[in-house]
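>>> Predicted structure and sequence below. I'll ask about it afterward.
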Amino acid sequence: MAERVRVLLLFGGRSAEHDVSRVSAVSVARALDPSRYDVVPVAITKDGHWLLAGEARAALQGARDALPAAFEVEGLPVAEIPDPGTRALVPLEGAAPPAHDMTFDVVLPLLHGPYGEDGTVQGLFELAGVPYVGSGVVGSAVAMDKVMMKRAFKAEGLPMPRWLAFRDGHDRDALVRDVEASFGYPCFVKPSNLGSSVGVSRAADATELRAALHLALSFDEWALVEEAIVGREIEVGILGDDPPEASVPGEIVPGDSFYSYADKYEDDAARLLAPAPLDPAHAEAVRELAIRAFNACRCEAMARVDFFLEENGRGFLVNEVNTIPGFTTISMYPRLWQESGVSFSHLLDRLIALAIARHERRERRAGRQRDG
Ligand SMILES: Nc1ncnc2c1ncn2[C@@H]1O[C@H](COP(=O)(O)OP(=O)(O)O)[C@@H](O)[C@H]1O
Ligand SMILES: [Mg+2]
C-alpha cells in the first residue's frame, strides 16, 4: 500500500457496548500508523444516528498518543448510502463545510452487539460496495445469534455445553421439563442475539429458570438455556481466514460469580492472563478448536473464540465466537496478538489489508460474471 488509506472508524452504536466501543475507537486511532492512514471518525449515537465526529476529528489533528480516553459522540449528521458509486459520506443537514473530506477507502467497524456485529451494518457496506474489516453478513449474523451459532458448532462436531433453544410463545412448562431431563440445574439462560452478558442469568431451580427466561425473552424472541459449566474461561484470537491463524490462548479469571457486564467494562474485577497457563498440548488443542469454531460460523478476518475448560471432565467446550472483539488497550484480542508477536499497529495493518483484498476478490469475480 503506497498511497495513504482513509479509514472510516465507525464507533459507538446502538448496543449496551456503546461506551466500550468509544474506548476501543481511541485505542485503534492511537495505534493506526499516521504515516499510512487518515482516520475519518464516525460516531453512531445510541439512537442510531451517524455523526462525522467533530471532537474526534479535532483530537486526531494533534498527537495521537495524547488522545482522550473515549471519543465523544457528536458532530455533523451524515449518512453512508447504499450506492456502489459513492465511497463517501453524505451530509444530512445542508452542505458539508469544505474542510470536511468525507471520502474513505475502507470501513473499520468497532461496533459490538446488535446493529453492528450482527451482519446488519455489514449488509449496508455490501450494498454500498465498500471494503470493511471483519466478517461478512453470514459470519456476523451466525456468530451473533447464539442459537444459530450452537447449530453451526454442532454440525462441525465441536464439543460444547448441553443446550436447548426456546422461542417465546411456546410451552414454558415443557421447556422446564426438557431442561430437567437433559441437564438440570444450575443452568444459564441467555437471549439468543445479545452480547456483553446483557440478559444472561444463572438459574438454580425451576422458579429461577422461569424468571431467567422471562428476562432473556424481554431482549429477544429466542432464548438459549445451557448447562452451567464449572471450569476455566479460555479465549483465543483468530486473524485471517485463508487460512485463519490462532493466537496464543488467554484466560479470564472472573471477579464476580460469572463474567458479568460489570466485570467486563466497569470495575476491572476480572483479570486477564495472556498467555493462559496451559501445557503446550492443551494450548495447541484449543487453538485448533478455535479455528474450527471460526470456520463453522463462516467468519472472516478476525474473531475471538471463547471456551470453558472443564478440567478432569470433558476438556475444552466452545462457548462462543465474537466477530468484533474489544479493541481497548486492555482488551484480550489485541493482547493475545501482541503475545503472539503481532503488535497492535501491525494487527490493524493486517485487518485493513484483508478487508481490501476481500473486496478486490469480489470485484474480480463480479467482473468475470459480467464479462461472462
Ligand atoms: N454455560 C455456562 N456455564 C458457566 N458459565 C457461563 C455459561 N454461559 C455463560 N457463562 C458465564 O457468563 C458469561 C457471559 O456469557 P456468554 O455466553 O459469553 O455471553 P455474552 O455473549 O454476553 O458474552 C461468560 O463469560 C461466563 O462467565
Ligand atoms: Mg462472552
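Arrived safely, thanks for sending. Numbering: from 1, shown residues only. Ligands and ions are numbered 1, 2, ... in the order given.

>>> For the residue most central in space within the chain, which residues are in contact?
Centroid check for the chain by CA atoms, centre = their mean gives I324 as the closest residue, at 2.1 Å. Residues counted as contacts of I324 (CB atoms under 8 Å, 6 or more residues apart in numbering) are 109-112, 116-117, 134, 302. C-beta: built from backbone N, CA, C; applies to glycine.

>>> ranges for the helices of the stretch 101-250 of the chain?
120-128, 137-144, 146-155, 172-182, 206-217 (DSSP state H, counting those that start in this stretch).

>>> Buried ones in the longest one, by neighbour count?
Going back to what we said before, that points to helix 206-217. Neighbour-count burial for helix 206-217 flags 208-210, 212-213, 215-217 (criterion: 16 or more other CB atoms under 10 Å).

>>> for stretch 92-108, same thing?
Across stretch 92-108, burial judged by 16+ other CB under 10 Å covers 96, 100, 102, 104-108.

>>> how about a markdown table for those, with distance to E233 and pLDDT added?
Below are the buried residues of stretch 92-108 laid out as a markdown table (distance: CB to CB, whole Å; pLDDT from 0 to 100):
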| residue | distance to E233 | pLDDT |
| --- | --- | --- |
| A96 | 46 | 71 |
| H100 | 44 | 83 |
| M102 | 42 | 91 |
| F104 | 37 | 96 |
| D105 | 37 | 97 |
| V106 | 33 | 98 |
| V107 | 31 | 98 |
| L108 | 27 | 98 |
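
>>> With respect to I238, which of the residues you listed is nearest?
Nearest to I238 among the buried residues of stretch 92-108 is L108, at 17.0 Å by CB to CB.

>>> For that closest one, list the residues it contacts.
7-10, 28, 132-133, 348, 351-352, 355.

>>> Most neighbours out of those residues, which is it?
Ranked by the number of neighbours (other CB atoms under 10 Å), the contacts of L108 place L10 first, at 27 neighbours.

>>> Can you classify it by secondary structure?
At L10, secondary structure determined by DSSP: H, G, I helix; E, B strand; the rest coil is strand.

>>> Was I right to think it contacts V39?
No. Using CB atoms under 8 Å, L10 is not in contact with V39; the gap is 10.9 Å.

>>> Select the longest helix from the protein.
With DSSP state H setting the assignment, residue counts place helix 344-371 as the longest helix in the chain.

>>> Just the mean pLDDT for that one, thanks.
The pLDDT scores in helix 344-371 average 93.

>>> Of the buried residues of helix 206-217, which fall within the contact range of ligand 1?
Residues of these in contact with ligand 1 (CB under 6 Å from any ligand atom): none.

>>> burial count for the residue in the stretch 1-150 of the chain positioned nearest to ligand 1?
Residue nearest to ligand 1 within the stretch 1-150 of the chain (CB to the nearest ligand atom): K146, separated by 6.8 Å. Here the number of neighbours of K146 (other CB under 10 Å) works out to 24.
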